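Asks: Need coordinates for the below:
(chains A and B)
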Amino acid sequence: MKIGRSLLALGAAALAQALLSRYAPLVARYCDLFTILVVYYGLTCPPTTAMLMGTGAGLVEDSLVGPVLGMNGFKKTLIGYLVGTFGSLFVLNQAIPRFGILFAATVVDPLAELGLSVAMGQSFVLPGTLDLLQRGLGSGVLGLLFFWVAARLP
Amino acid sequence: MADLLTERKPYLLLLILLTFHLGLMSSVIKSGGQRSILGEAIMSLVSPFLKVADWAGRGVSGAWHSYVGLRGVEQENHQLREQAEALALRAQVAEESRQELTRLRALLDLRESVPWTTVAARVIARGVDGSARIVTLDRGSRDGVALNQPVITPRGIVGRVIEAAPGACKVQTILDPNSGVAGLIQRTRVQGMVVGTGERGCKMDYVSELSNVEVGDVVVTSGLDQIYPKGYTIGVVASIGEGEGLTKLVELRPEVDFRRLEEVLVVLKAEGASEGRVP
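Replies: Here you go, the predicted structure:
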């Protein structure tokens, strides 16, 4: 049941992200639904579940629009682990700490990609600081909305 | 074992998963972007959903526009409202059809004008951040699409196929920093390598500081990379600065509007590509 629900969430995130990037690219630019999903699992489930969700989300992202298969999988798994571990150490059920985690996860994502790209000898252009802040802000706000909706689902 | 992984030692699972992803990355990079069975399998699983999403999105978009159209005429009297509603809807459908027709006609003209076998494809997904470094098309190996085939539009080149599943394929556009296109300045025939710079556009490397390049010069493919047909438009020189060593920093503005990319042509067979003409 839990696996089915997770797969459904992953599929829904993929569809929503595809629709956003096509019909509202400006919105898509400032929110990463896969990261939001991984953070959600990190804060509400054990770290192992968050890591597995990170791997799933990353591989789906990689297979569709990732430059190198495994790149997003690596990043999202790492984010799942970090958020999951952080979530198991601290009580993070208030909006502000959750926003902080979402913001940090979104900002860490391109930084991790930069590190991996350098390690793998690939080129990567790091987004500007303002762009990173806007992305963090966008994902933070949308993530809080996601948490609010998810809490009301049966 | 399962307990060990899931309950007691989450970092063991982390290690296994990260090693798995590193292995995947290394194998993909080492193979130079050759076939990835796992990638194709996941893409095959997800691409039907994307096609459904694309279809549903068009439906919702149409319905939304219709709704907006309807609200605008609600203030008028009943008879006029009905007429206006019908006309607005028809005009909207006609306008949408006209725009699509224009795009498809341009694509068809291109298809007929080029001496290569091509297949038309629709963009069904792009980067999660809305970027167009990598895009997914609704055509795959079932339609004859294979690795390293060039993707073009009537305005210029888009990129090359880097992964082809049966029903969809992934295209690395010329905006990707890992892409490379052999190009030349059309006016002076100065050659160089066009490399993506992300959302900002592209740049042309290895252009000697003594070479004759001006802002506004058109850059076309040289065909030397054995991927893109010769003489096809890449972009226009947007700025020129000082590069590293004895080279110029030439920044390009791609001719293709990647934010509005919808339909493209995949060049399946480029016989005589080296003699290809400038469309």
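
Asks: Next SSE downstream of the lowest-mean-pLDDT helix or strand in chain B?
Replies: Of all the helices and strands that make up chain B, helix B:2-3 has the lowest average by mean pLDDT, DSSP states H and E, namely a mean of 54. As assigned by DSSP states H and E, the chain's next helix or strand after helix B:2-3 is helix B:10-30.

Asks: In that following helix, which residues are buried?
Replies: Burial within helix B:10-30, assessed by neighbour count using 16 or more other Cβ atoms under 10 Å in any protein chain shown, is assigned to B:10, B:13-14, B:17-18, B:20-22, B:24-25, B:28-29. (C-beta placed from N, C-alpha, C; glycine too.)

Asks: ok, now stretch A:128-137?
Replies: Buried residues in stretch A:128-137, defined by neighbour count with 16+ other Cβ under 10 Å: A:132, A:134-137.

Asks: Please apply the same query to stretch B:111-130.
Replies: B:111, B:114, B:116, B:118-121, B:123-130.

Asks: quick one: low-confidence parts of chain A?
Replies: The model of chain A has pLDDT under 70 over residues A:1.

Asks: is the lengthiest helix in it up against chain B anywhere?
Replies: Criterion DSSP state H: the longest helix present in chain A is helix A:95-120. Yes: under the criterion of Cβ under 8 Å from any Cβ of the partner chain, chain B is reached by helix A:95-120 at A:116, A:120.

Asks: coming back round to it: now, which of the buried residues of helix B:10-30 lie close to chain A?
Replies: The residues of these that also fall near chain A, by Cβ under 8 Å from any Cβ, are B:10, B:13-14, B:17-18, B:20-22, B:24-25, B:28-29.

Asks: what are the ranges of the helices in chain A?
Replies: Counting by DSSP H, the helices of chain A are A:2-23, A:25-29, A:33-44, A:47-65, A:71-89, A:95-120, A:129-152.

Asks: Which other helices and strands does the second one contact?
Replies: It refers to helix A:25-29. In terms of contacts (3 or more Cβ pairs under 8 Å, 6 or more residues apart in numbering or on different chains; DSSP states H and E), helix A:25-29 is packed against helix A:2-23, helix A:129-152.

Asks: what about 6 Å?
Replies: helix A:2-23 (3 or more Cβ pairs under 6 Å, 6 or more residues apart in numbering or on different chains; DSSP states H and E).

Asks: Now for residue B:91, how many residues are close by?
Replies: 13 (other Cβ atoms under 10 Å in any protein chain shown).

Asks: one step back: in CSV: the buried residues of stretch A:128-137, plus distance to residue A:13.
Replies: Below are the buried residues of stretch A:128-137 laid out as CSV (distance: Cβ to Cβ, whole Å):
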residue, distance to residue A:13
A:132, 21
A:134, 20
A:135, 16
A:136, 18
A:137, 20
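
Asks: the strands in chain B, which residues?
Replies: Ranges of strands in chain B, per DSSP state E, are B:117-126, B:134-137, B:150-152, B:157-164, B:169-173, B:181-185, B:191-196, B:202-208, B:218-221, B:233-242, B:247-254, B:263-269.

Asks: which residues touch residue B:166?
Replies: By Cβ atoms under 6 Å, 6 or more residues apart in numbering or on different chains, residue B:166 lies in contact with B:44, B:140-142.

Asks: and which of these is nearest to chain A?
Replies: The closest of the contacts of residue B:166 to chain A turns out to be residue B:44 (Cβ to the nearest Cβ; 8.8 Å).

Asks: Burial check on the spatially closest residue to the closest one that is not a sequence neighbour, number of neighbours?
Replies: Leaving aside its sequence neighbours, residue B:44 sits nearest to residue B:165 (Cβ to Cβ, 6 or more residues apart in numbering or on different chains; 4.5 Å). Applying other Cβ under 10 Å, we find 25 other residues in the vicinity of residue B:165.

Asks: quick revisit: ok, of the ones next to chain A among the buried residues of helix B:10-30, which one's closest to residue B:217?
Replies: The closest of those to residue B:217 turns out to be residue B:29 (Cβ to Cβ; 33.9 Å).

Asks: Can you give me every residue that contacts that closest one?
Replies: If a contact means Cβ under 6 Å, 6+ apart, then residue B:29 has residue A:120 as its contacts.

Asks: if we go to 7 Å?
Replies: Going by Cβ atoms under 7 Å, 6 or more residues apart in numbering or on different chains, residue B:29 touches A:68, A:120.

Asks: Likewise for residue B:131?
Replies: Contacts of residue B:131 by Cβ under 7 Å, 6+ apart are residue B:199.

Asks: what's the pLDDT at it?
Replies: Residue B:131 is assigned 72 on the pLDDT scale.

Asks: Quick one: name the residues of the stretch 51-200 of chain B near chain A.
Replies: Contacts of the stretch 51-200 of chain B with chain A, taken as Cβ under 7 Å from any Cβ of the partner chain, map to B:53, B:57, B:61, B:125-130, B:133-134, B:136, B:172, B:176-178, B:197-198.
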